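Visitor: Got a predicted structure plus its sequence, pasted below:
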Amino acid sequence: MSKNPEPSPNTNAGLANAPAHVKLAVDLIMLLEQQQIADSDILAALAIVTADYQKKLRVGGNSTSHIPAPAS
């Protein structure tokens with residue numbers, strides 16, 4: 001029995017209609033699983049990423065870069 005079976009066509013169809021954040025989460029999970037990184041390291045890295053994006057939201061920065069938005 002395969003540990004990671006291929007998704008069924010129904011799963012793919014559901015994912016195609018999923019919101020962008022769900023698609024991103026699935027992609028990130030697959031990427032992290034392929035790297036065979038320790039779960040504790042993944043969670044620590046995700047905590048850093050979460051804190052970084054929360055800070056960007058608070059200061060009004062561009063979510064695609066580390067450069068804050070210009071003050072108006």
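Guide: Perfect, thanks for sending it. Numbering: from 1, shown residues only.

Visitor: pLDDT weak spots in the protein?
Guide: 1-12, 61-72 (pLDDT under 70).

Visitor: Recalculate using a threshold of 90.
Guide: Applying pLDDT under 90 to the chain flags the ranges 1-15, 53, 56-72.

Visitor: the longest helix in it is where?
Guide: Identified as the longest helix of the chain according to DSSP state H is helix 39-59.

Visitor: tell me which residues of it are tucked away?
Guide: Buried positions in helix 39-59, judged by neighbour count with 16 or more other CB atoms under 10 Å: Lys56. Every residue, glycine included, has its C-beta placed from N, CA and C.

Visitor: Quick check: Arg58 vs Lys23, distance?
Guide: With distances taken as CB to CB, to the nearest Å, Arg58 is found 26 Å from Lys23.

Visitor: burial count for Tyr19?
Guide: To be clear, residue 19 is Pro; Tyr isn't right here. Per other CB atoms under 10 Å, the neighbour tally for Pro19 reads 8.

Visitor: er, Leu28 actually
Guide: Count around Leu28 with other CB under 10 Å applied: 13.

Visitor: Quick check: which element contains it?
Guide: Assessed by DSSP states H and E, Leu28 sits inside helix 20-35.

Visitor: Quick one: work out the angle between that helix and helix 39-59.
Guide: Counting by axes from the mean of the first three to the mean of the last three CA atoms, to 10 degrees, helix 20-35 points 150 degrees away from the direction of helix 39-59.

Visitor: mind exporting helix 20-35 as PDB, just the C-alpha atoms?
Guide: What follows is helix 20-35, C-alpha atoms only, in PDB (Å, rounded to 0.1, in the frame of the first residue of the first chain):
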ATOM      1  CA  ALA A  20      -6.400  30.500  -3.400                       C
ATOM      2  CA  HIS A  21      -5.200  30.100   0.200                       C
ATOM      3  CA  VAL A  22      -6.300  26.400   0.200                       C
ATOM      4  CA  LYS A  23      -4.400  25.800  -3.000                       C
ATOM      5  CA  LEU A  24      -1.400  27.500  -1.600                       C
ATOM      6  CA  ALA A  25      -1.600  25.400   1.600                       C
ATOM      7  CA  VAL A  26      -1.800  22.200  -0.300                       C
ATOM      8  CA  ASP A  27       1.200  23.200  -2.500                       C
ATOM      9  CA  LEU A  28       3.200  24.100   0.600                       C
ATOM     10  CA  ILE A  29       2.400  20.900   2.400                       C
ATOM     11  CA  MET A  30       3.500  18.900  -0.700                       C
ATOM     12  CA  LEU A  31       6.700  20.900  -1.000                       C
ATOM     13  CA  LEU A  32       7.600  20.500   2.700                       C
ATOM     14  CA  GLU A  33       6.900  16.700   2.600                       C
ATOM     15  CA  GLN A  34       9.100  16.300  -0.400                       C
ATOM     16  CA  GLN A  35      12.000  17.900   1.400                       C
END
